[in-house]
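Participant: give me the fold of what follows.
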Amino acid sequence: MPEAFDPASTVATKYWSALPDGRVQCDLCPRLCKLADGQRGFCFVRASQAGAIVMTSYGRSSGFCIDPVEKKPLNHFLPGTPILSFGTAGCNLGCRFCQNWDISKSRELDTLMDQATPEIIAQAARRTKCRSVAFTYNDPVIFHEYAIDVAKACRDQGIRSVAVTAGYVNDAPRREFYAHMDAANVDLKGFTEDFYQRVCIGHLQPVLDTLKYLKHETKVWFEVTTLLIPGKNDSEEELNRLSEWFAREIGPDVPLHFTAFHPDFKMTDLPDTPGATLTKARKIAMGHGLRYVYTGNVHDSQGGSTWCHGCGQKLIGRDWYVLSDWNLTPEGKCNQCGATCAGHFEAVAGTWGAKRQPIRLHS
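Facilitator: The predicted structure is shown next:
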């Protein structure tokens with residue numbers, strides 16, 4: 001018999017098409033899962049029911065936590081401010097190195113312990129003085145309908161919305177999704193099709209399409225993160241090709257984060273990424289003209305701080321997630337030479353620091 005889905009967390013979707021053999025195809029992401037009645041897609045939370053695709057985790061979360069916005073990572077979007085963060089279950093990629101595999105690879109909806117309406121989430125963000133809400137821990141692409149409804153509720157409360165995503169989504173849902181987002185961090189997992197196929201069970205081009213769309217067709221502030229895995233995606237050749245493409249297609253003002261891999265999930269046989277690899281990657285990218293290149297998941301105040309592209313002054317000092325120097329004018333310019341620092345800044349830096357504060361919401 002077809003699986004029975006919980007009606008309290010199941011909602012209709014619109015990105016699907018009927019197939020001649022009676023199955024339905026999910027058109028949300030490039031996987032185009034073809035499902036018989038009762039079957040779940042690769043992501044696990046989108047399924048076939050009564051001749052249509054439904055989402056089965058609406059309003060349910062793996063938990064809520066207040067993080068520093070720099071943890072997303074976003075270094076040029078309201079620095080120093082707290083961001084209310086949550087995810088659901090499942091994912092539409094199959095990364096063997098996933099750092100949040102207990103959530104993104106979950107096949108048990110019972111892990112979704114917190115339930116909250118979009119209005120409850122927006123009100124909680126306002127009550128806790130969070131400037132924004134992040135859809136994170138797993139990819140918000142797969143809880144498209146819930147994320148959009150939360151973003152709408154947040155906008156009504158003056159709260160901004162942030163997507164932390166791998167960018168693996170088709171064109172029409174991509175356009176609808178980002179119409180409601182204020183900022184994003186997009187994971188560019190690597191820069192070869194072979195890496196995406198073998199390590200992520202996906203394809204590179206749709207992610208590049210998302211990055212070009214964000215840059216050229218939206219006003220969404222976005223930053224990009226590449227986790228460097230020893231021997232897999234960290235060669236000088238690949239880093240040069242990535243940086244050259246980035247400079248040409250995305251431009252010098254979009255921040256690029258190179259972060260350190262730690263053994264996890266199905267890749268526990270590899271070593272941690274050496275700090276020297278991140279430093280080398282940062283140097284290569286800056287050599288191609290990128291102005292804001294960061295190192296992450298390591299203690300590196302040089303690579304974690306923001307530097308003026310005009311005069312070289314330290315604009316925003318960072319020690320992990322704690323801000324120190326702040327040399328931006330209220331208009332987001334260097335207070336020494338007047339060069340504009342790309343991003344969304346407030347007149348003064350936030351003071352949230354490195355705190356991580358789990359919270360419970362009750363609808």
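
Participant: pLDDT weak spots in the stretch 201-350 of the chain?
Facilitator: By pLDDT under 70, the low-scoring segments of the stretch 201-350 of the chain are 265-266.

Participant: residue ranges of the strands in it, please?
Facilitator: 221-228, 256-260, 293-296, 306-307, 314-319, 322-326 (DSSP state E, counting those that start in this stretch).

Participant: other SSEs contacting the last one?
Facilitator: It refers to strand 322-326. Helices and strands touching strand 322-326, as assessed by 3 or more CB pairs under 8 Å, 6 or more residues apart in numbering; DSSP states H and E, comprise strand 314-319. Glycine gets a C-beta too; all of them are placed from N, C-alpha and C.

Participant: for the strand it packs on, which helices and strands make contact with it?
Facilitator: helix 301-304, strand 306-307, strand 322-326.

Participant: now for those, which one comes closest to Gln197?
Facilitator: Closest to Gln197 of the helices and strands packed on strand 314-319 is helix 301-304 (CB to CB; 30.2 Å).

Participant: show me what counts as buried in the closest one.
Facilitator: 303-304 (16 or more other CB atoms under 10 Å).

Participant: so how far is it from its chain's centroid?
Facilitator: Helix 301-304 sits 21 Å away from the centroid of its parent chain (CA atoms, centre = their mean, to the nearest Å).

Participant: contacts for that helix?
Facilitator: 278-279, 282, 293-296, 317-320 (CB atoms under 8 Å, 6 or more residues apart in numbering).

Participant: a markdown table for those residues, including neighbour count?
Facilitator: Output for the contacts of helix 301-304, formatted as a markdown table (neighbours: other CB atoms under 10 Å):
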| residue | neighbour count |
| --- | --- |
| Leu278 | 24 |
| Thr279 | 16 |
| Arg282 | 22 |
| Val293 | 23 |
| Tyr294 | 24 |
| Thr295 | 23 |
| Gly296 | 21 |
| Gly317 | 17 |
| Arg318 | 22 |
| Asp319 | 13 |
| Trp320 | 16 |
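
Participant: export those to a markdown table and tack on distance to Ala125?
Facilitator: Below are the contacts of helix 301-304 laid out as a markdown table (distance: CB to CB, whole Å):
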| residue | distance to Ala125 |
| --- | --- |
| Leu278 | 32 |
| Thr279 | 36 |
| Arg282 | 33 |
| Val293 | 30 |
| Tyr294 | 26 |
| Thr295 | 30 |
| Gly296 | 25 |
| Gly317 | 27 |
| Arg318 | 24 |
| Asp319 | 26 |
| Trp320 | 24 |
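
Participant: which of those sits closest to Asp27?
Facilitator: Nearest member of these to Asp27, counting by CB to CB, is Gly296, at 33.8 Å.

Participant: number of nearby residues for the spatially closest residue to Thr226 that is not a sequence neighbour?
Facilitator: In this structure, Thr226 finds its nearest non-sequential neighbour in Leu188, 5.0 Å apart by CB to CB, 6 or more residues apart in numbering. Neighbour count for Leu188, taken as other CB atoms under 10 Å: 23.

Participant: separation between Leu188 and Gly167?
Facilitator: Counting by CB to CB, to the nearest Å, the gap from Leu188 to Gly167 is 8 Å.

Participant: try Ala184
Facilitator: From Ala184 across to Gly167, the span is 8 Å (CB to CB).

Participant: so which of these two has more stuff around it?
Facilitator: Of the pair Ala184 and Gly167, Ala184 is the one with more neighbours under other CB under 10 Å, namely 28 against 25.

Participant: now do the contacts for that one.
Facilitator: Ala184 neighbours (CB under 8 Å, 6+ apart): 162-165, 178, 214, 220-223.

Participant: with Gly22 instead?
Facilitator: Gly22 neighbours (CB under 8 Å, 6+ apart): Ala36.

Participant: now Ala124
Facilitator: Counting by CB under 8 Å, 6+ apart, Ala124 touches 64, 84, 116, 359, 361.
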